[in-house]
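Trainee: Could you work out the structure for the sequence below:
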Amino acid sequence: MSARFETAASLPGQQPVAPRRSGGALPLAALAGAAWPPLILTLAVWPPNHWLPGTETDWRLLVLVVGLIAVPAGLWRIGREREQTGRPGTRLGVVWRFMFYGGLLAAALQTLMALIVTLLAMIQSGSLVQALGAAETTLLIYGVGGLPIAIIVGVSYALWAGLCAAFIAFVPRPPVKDRLGLMRDEA
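Mentor: Residues are numbered from 1 along each chain as shown. Have a look, this model is predicted:
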C-alpha cells in the first residue's frame, strides 16, 4: 500500500533540520551544488572551443561560474535567515528557497543579457531604422524566446543545488524532550 499525502505535514522533507557542525559541510555542499550533472556531463562529452573569457565563451562555462558564485551565496543567505528567524526549518524549506531564488537569478541574468545584446546590436547598426529593427529582433530572441528557457534551466540547476545543500549541509534535528509536559497536543 502506498503512502498518501493528505496534509502538508505528511509530505517528505518536513522533518526539522539543524546545520551540520562539521567544518567541511558547507564547502562540500557548495561544490556539489555547483556541479550540476547535466552541465558537467555535457562539458565532458562536448568540450568548449574557447576556455578563456571573451565574446566566444561557451555558455556552459558562464553558467558554471554563476553556479560557483550563487550556491555559496545561497548557503550564506540561508545561514543568515536561520540566525534571524530560525527558518528554513526543514529540508523542503531549504530546497524551496534555492529554487525560488535560482529562478529569480536566472530571469535577472537573462534580462540583463538581452539588454546588453540589444544595446550592442543597436550600436553596430548603420542607421536609426536598422537600430530599431536590431533591437526588436534581439529582444524577441533573447528576451521573449530565451527567458522561459533560462528560467527552466535556472530552476532545475537550483533544485540540484538545493538538494545538495539540504542533504549535505543539514542534519535531522534531534527531538526535544518534553520535560514539563507543555508540548502536548491538547486538541
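Trainee: so what's the spatially most central residue of the chain closest to, chain neighbours aside?
Mentor: The residue lying closest to the centre of the chain (CA atoms, centre = their mean) is residue 158, at 2.6 Å. Nearest residue to residue 158, sequence neighbours excluded (CB to CB, 6 or more residues apart in numbering): residue 102, at 2.3 Å. (Glycine included, C-beta is placed from N, CA and C.)
Trainee: next one: residue 93
Mentor: residue 87 (6.3 Å).
Trainee: Moving C-terminal from the strand or helix carrying residue 114, which element do we reach first?
Mentor: Using DSSP states H and E, residue 114 falls within helix 91-124. The helix or strand immediately downstream of helix 91-124 is helix 128-138, counting by DSSP H and E.
Trainee: Residue 102 reaches residue 153, doesn't it?
Mentor: No: using CB atoms under 8 Å, residue 102 is not in contact with residue 153, being 9.4 Å away.
Trainee: Point out the other helices and strands that whichever strand or helix holds residue 27 packs with.
Mentor: Using DSSP H and E, residue 27 sits within helix 25-34. Applying 3 or more CB pairs under 8 Å, 6 or more residues apart in numbering; DSSP states H and E, we find helix 25-34 packed against helix 59-85, helix 146-168.
Trainee: so which of those is the most packed in?
Mentor: Greatest average neighbour count among the helices and strands packed on helix 25-34 goes to helix 146-168 (a mean of 20), per mean count of other CB atoms under 10 Å.
Trainee: So what's the residue count around the closest residue to residue 12 other than its chain neighbours?
Mentor: Distance criterion CB to CB, 6+ apart; nearest residue to residue 12, sequence neighbours excluded, is residue 92 at 7.5 Å. The number of residues packed near residue 92 is 18, by other CB atoms under 10 Å.
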